[in-house]
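> sequence below, structure please.
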Amino acid sequence: MQRLFRPVWRLIAALLLPLPWLTPARAQDTPPVIESGPSTQTVNAGQNVTLSVGATGVPPLVYRWWFDAREIPDATTNTLTLNNVNALNAGSYVAVVANVFGATTSAPAVLTVIGPPVITAQPTNQSVYPGQSATFSVSAVSSGVPTYQWQFLGSDLPAATNQTLTVANVTTNNAGAYAVRVGNSNGSITSRSAQLTVLALPQPALRLGVLTVTNGATVPVLYTAFGTETNLSFSVDWDPLAYGFAGFTPVLDPGPGPEATGAAGPRPTGLPDATVVSLDESQLDAGRLGVSLAWAPGTSLDPGESTIAQIQFQPVVGETLYAGRLGLTGAPVPALVAPPIDGTNTVILGIINPQVILAGAPVLDRQTGFLQQEIEFANPGRSLALNVRLTVMGLGVDANTNAVSLANAQGFLLPDFVPYVDFGAIAPTEIRKGLLQYYVTDRRTVPTPSFDMTATPTVNFPVPPGTVLQAQVRRTNGLVLVEFPTAPIRRYYIQYASSLTHFLSGNVETSLPPVTGTGSNLQWVDTGPPRTQPEPADGDLRLYRVLEVQ
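Reported below is the predicted structural model:
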């Protein structure tokens, strides 16, 4: 019987042994084994360092290096080379070796770099008014405890040995270059110089800010303080047929705190907390409110502009918002500041700036290839604005990482090259429309810019001399299309007038910006403001011509 069953047991054993729950794990079916890890090293600054790891396991083996818990990009071999090391390279390094069965992390290797500190954040320029404070700071990495010595115009400042330097009660004598020398037992390094600019104290001035119309109408009162005044008075004037007075709310300084500090030091935040407010409401029916403000001596305003009050209005039923004038005046309470500044009590009154009241969604125009955004703006002030300037900020980049540009920009404000367009004069209570054109390379990204609209003096652009070209003008679907031949790189200005007589006398308007030639015929579409001014209401058709400038 034993001879009979022996082959059967052998067959059963042969069938069962390959099953995974009966087969012992093989040594090669495991994560990598690190046999030699990176070694701890101490080197001098400026040397090259190589860290290596030795590992065995089922290939392929994948290597990743980490420094102070952060993965090092492109470090994917069993060695890591660091060239010209400094204090920034000091720290803990580990290697992670992986295969299809898992990953193994090496023991940490600590790299110590003997050398001077490395500055990671330089002091920055500061601009403050006299009497304010300026604070400079520096950040550095050091192999030992760092020391600091601040310098002014190249000379050490006594007792200025902290990471930060505060210059209190600034005067013009404090203006100049500040730097800091950061050291340790192995050497020192000097930061870049940061300039402290002491601004000239501003002249006291008042203006009204941006009118908002959520849950009524609110306009801020903005005051530019000299810094020594203790009394301020003025009057607000509005159109009682469009707005009904609802309230005057002073904005008080919340006192020291994070909200009261800006990048250039303390910033104005409002009136002193104990300000006494007196209102003269004797002429409310005529649309005028007198305001008198006073605070105790010794509690002065910070120099510069701040919001000191909010005025609330209730629009008259049936009237269009922004259809009524707003402004500052001298009755029933005269606009004065006390005590006298530079021998005068007069406060400079500013106009209320024109304001964007509606910005539509940018839409692709297939004829021009631009994303076009229609904006509506108004002049809620009581004075003629000689020119309306709109700056466009925050255009960003498209999906191709190319910068979105304002195609009909007429210029750029320095130093940040912020594009702007000019819309010309706008009368009090007038509401106008304009078109912004964005060039977006992917034709899909929708820009979401922010706008700032201000009144400026009249802008007269001197058109350079050039040659008048023959152009074909077509009117279709309510648009004017001007087609003309071009030469590469040359500039082309489209000019327009209401009659041939105006052209002959030089009484013409010029569209901005100019068009750059390509060597072939170009088509220009009159999209209205800001490229061109609105057509006159008399119905006369404009005449157009093209000026070629080399």
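> surely Asn173 forms part of a strand?
No: counting by DSSP: H, G, I helix; E, B strand; the rest coil, Asn173 is located in no strand; its state is helix.
> mind listing what it touches?
Asn173 sits next to no residue when contact means Cβ atoms under 8 Å, 6 or more residues apart in numbering. From N, CA and C alone the C-beta is placed, and that goes for glycine too.
> what distance do you get for it to His502?
Distance, Asn173 to His502, using Cβ to Cβ, to the nearest Å: 59 Å.
> same question, Ala427
In terms of Cβ to Cβ, Ala427 sits 23 Å off from His502.
> now stretch 421-433: mean pLDDT?
Mean per-residue pLDDT for stretch 421-433: 92.
> returning to that earlier point: could you check which of Ala427 and His502 has the larger neighbour count?
Neighbours of Ala427 and His502, each counted by other Cβ atoms under 10 Å, are more numerous for His502; the result is 14 against 11.
> ok, the more buried one - contacts?
Val508.
> and whichever strand or helix holds it, what's buried?
If you go by DSSP states H and E, His502 is part of helix 500-505. For helix 500-505, the neighbour count (16 or more other Cβ atoms under 10 Å) marks Phe503 as buried.
> need the next SSE after it, C-terminal direction.
Heading C-terminal from helix 500-505, the first helix or strand you meet, by DSSP H and E, is strand 509-510.
> what pairs with that following strand, parallel or antiparallel?
Strand pairing for strand 509-510, determined by DSSP bridges: strand 491-497 (antiparallel).
> list the contacts of the partner strand.
463, 466, 469, 482, 484, 486, 503, 507-512, 514-517, 522, 524, 526, 532, 542-550.
> ok, of these, which come out buried?
The neighbour-count criterion (16+ other Cβ under 10 Å) marks 466, 482, 484, 486, 503, 508, 511-512, 514-515, 517, 522, 524, 526, 532, 542, 544-548 among the contacts of strand 491-497 as buried.
> residue contacts, Tyr439?
Gly369, Phe370, Leu371, Val404, Ser405, Leu406, Ala407.
> which strand residues bridge it?
Taking DSSP bridges as the rule, Tyr439 bridges to Ser405.
> what's the answer for Leu358, then?
The partner residues for Leu358, given DSSP bridges, come to Glu376.
> tell me, how many residues neighbour it?
Close neighbours of Leu358, defined as other Cβ under 10 Å, add up to 11.
> measure the closest residue to Pro457 other than its chain neighbours to Asn99 for me?
Among residues not flanking Pro457 along the chain, Leu386 sits closest, at 5.7 Å (Cβ to Cβ, 6 or more residues apart in numbering). Between Leu386 and Asn99 the computed distance is 75 Å (Cβ to Cβ).
> who has more neighbours, those two?
Shown here are Leu386 and Asn99; by other Cβ under 10 Å, Asn99 has more neighbours (18 against 13).
> ok, the more buried one - contacts?
Pro31, Pro32, Gly57, Val58, Pro59, Pro60, Leu61, Val62.
> switch the cut-off to 6 Å
Pro32, Gly57, Val58, Leu61 (Cβ atoms under 6 Å, 6 or more residues apart in numbering).
> how about JSON lines for the residues you listed, with pLDDT and neighbour count added?
As requested, these are arranged in JSON lines below (pLDDT from 0 to 100; neighbours: other Cβ atoms under 10 Å):
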{"residue": "Pro32", "pLDDT": "95", "neighbour count": "22"}
{"residue": "Gly57", "pLDDT": "94", "neighbour count": "21"}
{"residue": "Val58", "pLDDT": "94", "neighbour count": "15"}
{"residue": "Leu61", "pLDDT": "96", "neighbour count": "15"}
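> of the residues you listed, which belong to strands?
Counting by DSSP state E, the contacts of Asn99 place none of their members in strands.
> what is the nearest of these to Ala103?
Pro32 (7.6 Å; Cβ to Cβ).
> quick one: the closest one from Gly411, how far?
63 Å.
> and Asp398, by the same measure?
Relative to Gly411, and taking Cβ to Cβ, Asp398 is found at 23 Å.
> ok, the two, which is more surrounded?
Using other Cβ under 10 Å, the more surrounded residue of Asp398 and Gly411 is Asp398, with 20 against 17.
> pull the contacting residues for that one.
With Cβ under 6 Å, 6+ apart, Asp398 has these contacts: Val404, Val440, Thr441, Asp442, Thr445.
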